[in-house]
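return a 3D structure for these sequence lines:
(one chain, ligands or ions: 1)
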Amino acid sequence: MADYTKPLPVIEKWNAPYWQAAKRHEFVAQRCRACGYTHLPPGPACTNCLSADQDWVRLSGRGTIYSYGVYYQCWHEGFAGDIPYNVALISLEEGLQIVSQVIGCDNEELDCGLAVEVSFDDITPEVSLPKFRLLK
Ligand SMILES: [Zn+2]
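Below is the predicted model of the structure:
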């Protein structure tokens, strides 16, 4: 963990519950108390009505690969040891989408529509990243 060289999320007051839940390996999204809209990634206000009155709901962590790309170019030196790596758009059961990564498999195994489940990557004492594994 000490030699983690990739960019880290900036934890702010409004997104701290998201990262605290991830640290407990719980996958959550914001739900607006004003209009009921559920959204990811977390933000300081509802993306539907701009209310700052937000609550948190637990997600199943299950979904499917909507799309993905495999990176062969190193765009940040922190990722140099990971080339080639994938970036995937995951469609969650709850109708939300999240940009993440599918881990625990070869990139050649990836395909749109495959079922995945969240798997937390504990990268620092404060941060666990929600990534996904293929359901086989
Ligand atoms: Zn709202």
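
show me which residues of this structure sit near the ion.
32, 34-35, 37, 46, 48-49, 51 (Cβ under 5 Å from the ion). For the C-beta atoms, the positions are set from N, CA and C on the backbone; glycine is no exception.

okay, helices next: where are they in this protein?
16-23 (DSSP state H).

show me what the nearest residue to Cys46 once chain neighbours are set aside is bridged to.
Nearest non-adjacent residue to Cys46, counting by Cβ to Cβ, 6 or more residues apart in numbering: Cys32, 3.8 Å away. Counting by DSSP bridges, Cys32 forms beta bridges with Gln54.

show me the contacts for Leu110.
65, 68, 70, 86, 88, 102 (Cβ atoms under 8 Å, 6 or more residues apart in numbering).

and those residues, which two are furthest apart?
Ile65 and Val70 (12.3 Å; Cβ to Cβ).

got the contact list for the strand with the most length in the chain?
As assigned by DSSP state E, the longest strand anywhere in the chain is strand 62-71. Residues from elsewhere that reach strand 62-71 (Cβ under 8 Å, 6+ apart): 79, 83-93, 97, 102, 107, 110-118, 132, 135.

cool, stretch 29-45 as well?
12, 14-15, 17-18, 46-49, 51-57, 59, 92, 94-98.

just the buried ones from the contacts of strand 62-71?
Buried members of those, scored by 16 or more other Cβ atoms under 10 Å, are 85-86, 88, 90-92, 102, 110, 114, 116, 118, 132.

save those residues as CSV, and put in pLDDT too.
Formatted as CSV, the buried ones among the contacts of strand 62-71 follow (pLDDT from 0 to 100):
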residue, pLDDT
Tyr85, 95
Asn86, 97
Ala88, 98
Ile90, 98
Ser91, 98
Leu92, 98
Val102, 98
Leu110, 98
Leu114, 98
Val116, 98
Val118, 98
Phe132, 98
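
show me which of these is closest to Arg24.
Nearest to Arg24 among those, counting by Cβ to Cβ, is Val118 at 12.5 Å.

what separation do you get for the closest residue to that closest one other than its chain neighbours and Ala16?
Distances taken as Cβ to Cβ, 6+ apart place Gly61 nearest to Val118, at 3.4 Å, with adjacent residues excluded. Distance, Gly61 to Ala16, using Cβ to Cβ, to the nearest Å: 20 Å.
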